[in-house]
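> Structure, please.
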Amino acid sequence: MSEDAPIVDPGTTADAPSEPAPRRRGRTTLLIATAAVLGLVAGTCAGYLVQADREPTGLPPLSQPVVAQAKGDGPEPLSAAQDHRVKTDGDLRKLLLPRPKGTKVPAWAPERDGWLDLAGYAHALKNSDREFDDLTEAEFRRAAGVSWSAGSTDSTEIRLVQYRQEENLSAALRANGWGVDDADGSPFSGSDDGMVYLFKPERKAGYLPMYKAQAAAWRGDIAMEIWIYDTKPIPKSKIVDLAERQLERL
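The predicted structure follows:
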């Protein structure tokens, strides 16, 4: 071997150059991200400080023009003939037909001083437990009634039932819900959907037959209900006359 020949490491070759060691990039990336965050925070803080030193900016004026207040007295209140709530928010008993002269108050009459509470009104109906729940759901407000008997075998009952009607038109629903299959129904004048019904007599051994007539209608938040019972056939004109006169008072 010549003295000028290079000395070669046995683990390498003379033609293969050595590769540089890879650089660590994680530290550089972290430094750049940290600087960006610090710059954003510093800019935000500086913006708040600048805004805090400034005077508050006034709001723009409203675009709605100023309306001058009207002068003079307001309109006259509606009369009772024009405003039905003047009647219906007052004493409901005053809207009932008066008890005819010569008649008497039955001992079983459910009203007390002309009023019926929810329990008393529901108890006077068939299926009183179910009626109590239905009336509660229908938003029962109050009821007034009058009852009378002209003899020993007849009776008449009139009920005016008022509802709050915050959710449903309960007066109309209740009045229209009296329709039955075992009675002849017909409308009567003065009401678009009022009906009168004449039922077939109920017969029991040892008892006189019991006839029943019924009328139902509504005005606003008040449902009108009328019943007539007698051991003799009830003329249709009798229940129609009561229904028309009572509805006129509403």
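> Low-confidence regions, this protein specifically.
Along the chain, the parts satisfying pLDDT under 70 run over 1-53, 61-88, 178-182.
> So which residues of it form strands?
Ranges of strands in the chain, per DSSP state E, are 115-116, 140-148, 155-163, 183-187, 195-199, 211-219, 222-230.
> how about these in CSV, adding distance to residue 250 and mean neighbour count?
(Glycine included, C-beta is placed from N, CA and C.) Listed next are these as CSV, based on distance: least, C-beta to C-beta, whole Å; neighbours: other C-beta atoms under 10 Å:
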stretch, distance to residue 250, mean neighbour count
strand 115-116, 17, 18
strand 140-148, 12, 20
strand 155-163, 8, 23
strand 183-187, 17, 13
strand 195-199, 16, 20
strand 211-219, 4, 23
strand 222-230, 6, 22
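> Take those and lay them out in JSON lines including distance to residue 177.
What follows is the strands of the chain, written out as JSON lines (distance: least, C-beta to C-beta, whole Å):
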{"stretch": "strand 115-116", "distance to residue 177": "18"}
{"stretch": "strand 140-148", "distance to residue 177": "14"}
{"stretch": "strand 155-163", "distance to residue 177": "12"}
{"stretch": "strand 183-187", "distance to residue 177": "13"}
{"stretch": "strand 195-199", "distance to residue 177": "11"}
{"stretch": "strand 211-219", "distance to residue 177": "8"}
{"stretch": "strand 222-230", "distance to residue 177": "9"}
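> Can you say which of the ones you listed is nearest to residue 100?
Minimum separation from residue 100 across the strands of the chain (C-beta to C-beta) falls at strand 140-148, 6.5 Å.
> Could you report the neighbour count for residue 244?
17 (other C-beta atoms under 10 Å).
> give the contact list for the closest residue to it other than its chain neighbours.
Closest residue to residue 244 apart from its sequence neighbours, by C-beta to C-beta, 6 or more residues apart in numbering: residue 190 at 5.1 Å. Residue 190 makes contact with 243, 244, 247, 248, according to C-beta atoms under 8 Å, 6 or more residues apart in numbering.
> any idea how far residue 243 is from residue 190?
8 Å (C-beta to C-beta, to the nearest Å).
> before we move on, back to that, which of the contacts of residue 190 has the largest number of neighbours?
Tallying neighbours with other C-beta under 10 Å puts residue 243 at the head of those, with 26 neighbours.
> That one touches residue 217, doesn't it?
Yes: applying C-beta atoms under 8 Å, one finds residue 243 in contact with residue 217, separated by 6.6 Å.
> Overlap of the contact sets of those two?
Taking C-beta under 8 Å, 6+ apart as the criterion, residue 243 and residue 217 both touch 191, 194, 224.
> residues near the second one, how many?
By the criterion of other C-beta under 10 Å, residue 194 has 21 neighbours.
> gap between it and residue 108?
27 Å.
> Likewise for residue 184?
27 Å.
> Run through the residues that contact the closest residue to residue 242 other than its chain neighbours.
Closest residue to residue 242 apart from its sequence neighbours, by C-beta to C-beta, 6+ apart: residue 226 at 5.4 Å. Contact partners of residue 226, counting by C-beta under 8 Å, 6+ apart, are 156, 157, 158, 159, 214, 215, 216, 239, 242, 243, 246.
> give the contact list for the last one.
Right, residue 246. 96, 97, 158, 215, 224, 226.
> Can you tell me who the residue nearest to residue 242 pairs with across the strands?
Beta bridges link residue 226 to residue 158, residue 215, judged by DSSP bridges.
> how close does it get to residue 166?
Counting by C-beta to C-beta - residue 226 and residue 166 are separated by 27 Å.
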